[in-house]
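*Asks:* With the input below, show me the fold.
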Amino acid sequence: MGTFALTTLLMPVLRGKSQGGARVVVVSSGGALTAKLDVSDVNSLRFKKPAAGFDGSAVYAQTKRQQIELTEYWAAKHPEIQFLSMHPGWADTPGVQSSIPQFHNAMKDRLRTSEQGADTIVWAALSEEAKKVRNGAFLFDRKEVSQHLLWAGTEAAPSDVEKLVEICSKYLRDIA
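*Replies:* Numbers count the residues shown, from 1 in each chain. This is a model prediction of the structure:
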């Protein structure tokens, strides 16, 4: 919801700067690659029920999938503004250390620094070269990559993306 609210509320400013090259860079994650957009439970309420348990990785993947789908949606609706989403790679951050400690311990010698993780974010936001990237692209290491794993079945139906936008728009109206 945060990505949706911030981008939507900034849209008048972004449209006003479109001739100057307005860009939105959404920091998503490769964690989204395993998740299909689920508009039946955008708040992951099923994970708040004691019987269901809490699966933080599933909630994270769903949230990051929502960001990627919204980026594509905005790129199509507002072609005068460049929208990009990206995966920073697995970086050695406090979040990785605390949320997935087994992964961190197994991979700690191969994790990126925070600076390495931020490289594509800064490049996408500021470089002239990034202006040539397809609007709505998902980036990793300064290159467009697929938003889906082969055979994962994570492609979203356009009607599901529209439903996500409708739900988020309602939440935003309710809190604004």
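
*Asks:* Low-confidence regions, this structure specifically.
*Replies:* Within the chain, the segments meeting pLDDT under 70 span 18-20, 47-52.

*Asks:* tell me which residues in stretch 116-136 are buried?
*Replies:* Buried residues in stretch 116-136, defined by neighbour count with 16 or more other Cβ atoms under 10 Å: 117, 119-121, 123-124, 130, 133, 135-136. Using the backbone N, CA and C atoms, a C-beta is placed for each residue, glycine as well.

*Asks:* Tell me which two in these are the farthest apart.
*Replies:* The span of these, defined through Cβ to Cβ, is set by Gly117 and Asn135 at 23.3 Å.

*Asks:* could you measure the closest residue to Gly30 other than its chain neighbours against Pro101, distance?
*Replies:* Distances taken as Cβ to Cβ, 6 or more residues apart in numbering place His87 nearest to Gly30, at 4.3 Å, with adjacent residues excluded. Note on His87: its distance to Pro101, by Cβ to Cβ, to the nearest Å, is 21 Å.

*Asks:* And the two? Which one has more around it.
*Replies:* Legend: neighbour count by other Cβ atoms under 10 Å for His87 and Pro101, higher for His87 (22 against 10).

*Asks:* which residues sit in contact with the more buried one?
*Replies:* Listed by Cβ atoms under 8 Å, 6 or more residues apart in numbering, the contact partners of His87 are 28-30, 32, 138-140, 145.

*Asks:* And for Arg15, the neighbour number?
*Replies:* Number of residues near Arg15 (other Cβ under 10 Å) recorded here: 13.

*Asks:* buried sites along the helix or strand Glu69 falls within?
*Replies:* Take DSSP states H and E as the rule and Glu69 turns out to sit in helix 56-77. The neighbour-count check on helix 56-77 (16+ other Cβ under 10 Å) flags 58-75 as buried.

*Asks:* May I have it as CSV, with CA atoms only?
*Replies:* C-alpha atoms of helix 56-77 as CSV (Å, rounded to 0.1, in the frame of the first residue of the first chain):
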residue,chain,number,x,y,z
GLY,A,56,6.7,-13.9,6.4
SER,A,57,8.4,-15.0,3.2
ALA,A,58,5.1,-15.6,1.5
VAL,A,59,3.8,-12.2,2.6
TYR,A,60,7.0,-10.5,1.4
ALA,A,61,6.9,-12.3,-2.0
GLN,A,62,3.2,-11.2,-2.5
THR,A,63,4.0,-7.6,-1.5
LYS,A,64,6.9,-7.5,-3.9
ARG,A,65,4.8,-9.1,-6.7
GLN,A,66,2.2,-6.3,-6.2
GLN,A,67,5.0,-3.7,-6.6
ILE,A,68,6.1,-5.2,-9.9
GLU,A,69,2.5,-5.5,-11.3
LEU,A,70,1.8,-1.9,-10.2
THR,A,71,5.0,-0.7,-11.9
GLU,A,72,3.8,-2.3,-15.2
TYR,A,73,0.3,-0.9,-14.8
TRP,A,74,1.6,2.7,-14.2
ALA,A,75,4.0,2.5,-17.1
ALA,A,76,1.1,1.6,-19.4
LYS,A,77,-1.2,4.3,-18.0
